[in-house]
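Visitor: Here's a sequence, model it:
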Amino acid sequence: VQLQASGGGLVQAGGSLGLSCAASGSIFSIETMRWYRQAPGKQRELVALVTSGGSKDYADSVKGRFTISRDNAKNTVYLQMNRMKPEDTAVYYCNAEVSSNWFAVPHDYWGQGTLVTVSS
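Guide: Here you go, the predicted model:
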């Protein structure tokens, strides 16, 4: 199973950027999908998650500005980031709990990370 993230780049404060992350390979089902980020010198933090049932949760720092969504037919998770701030600058990683067959326990898989830079 591979997760391929895309969509990072440079944006001015107040602007918007969208990330996507597509899972491929031997996939039977995907449970929770998440976006994390890691800023320079800081620990990786959870930004948002969406469950297989569609429930969503966000870090307090991004509530009201970021929106997570998923397309189960495409095995893809998205993160729409609006009203961005310089403190959103980080490498963003996607994560997915993937089962390769109906009896397998889900395993965590990670994308390669995509850099998001917000200029002031």
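Visitor: Write down the beta-bridge partners of the most centrally placed residue in the chain, one by one.
Guide: The C-alpha lying nearest the average C-alpha coordinate of the chain belongs to residue 35 (Cα atoms, centre = their mean; 2.7 Å). Beta-bridge partners for residue 35, by DSSP bridges, are residue 48, residue 94.
Visitor: I'd assumed residue 81 was in contact with it.
Guide: No: Residue 35 is beyond contact range of residue 81, at 9.5 Å (criterion: Cβ atoms under 8 Å). Heads up, the C-betas are built off the backbone N, CA and C, glycines and all.
Visitor: Point out where the protein drops to low pLDDT.
Guide: Judged against pLDDT under 70, the chain has no low-scoring part.
Visitor: can you pull the buried residues of the helix or strand encompassing residue 20?
Guide: Secondary-structure element containing residue 20, defined by DSSP states H and E: strand 17-24. In terms of neighbour count (16 or more other Cβ atoms under 10 Å), strand 17-24 has its buried residues at 17, 19, 20, 21, 22, 23.
Visitor: residues touching the last one, list them.
Guide: Contacts for residue 23 were tallied using Cβ atoms under 8 Å, 6 or more residues apart in numbering; they are 1, 2, 3, 30, 75, 76, 96, 98, 109.
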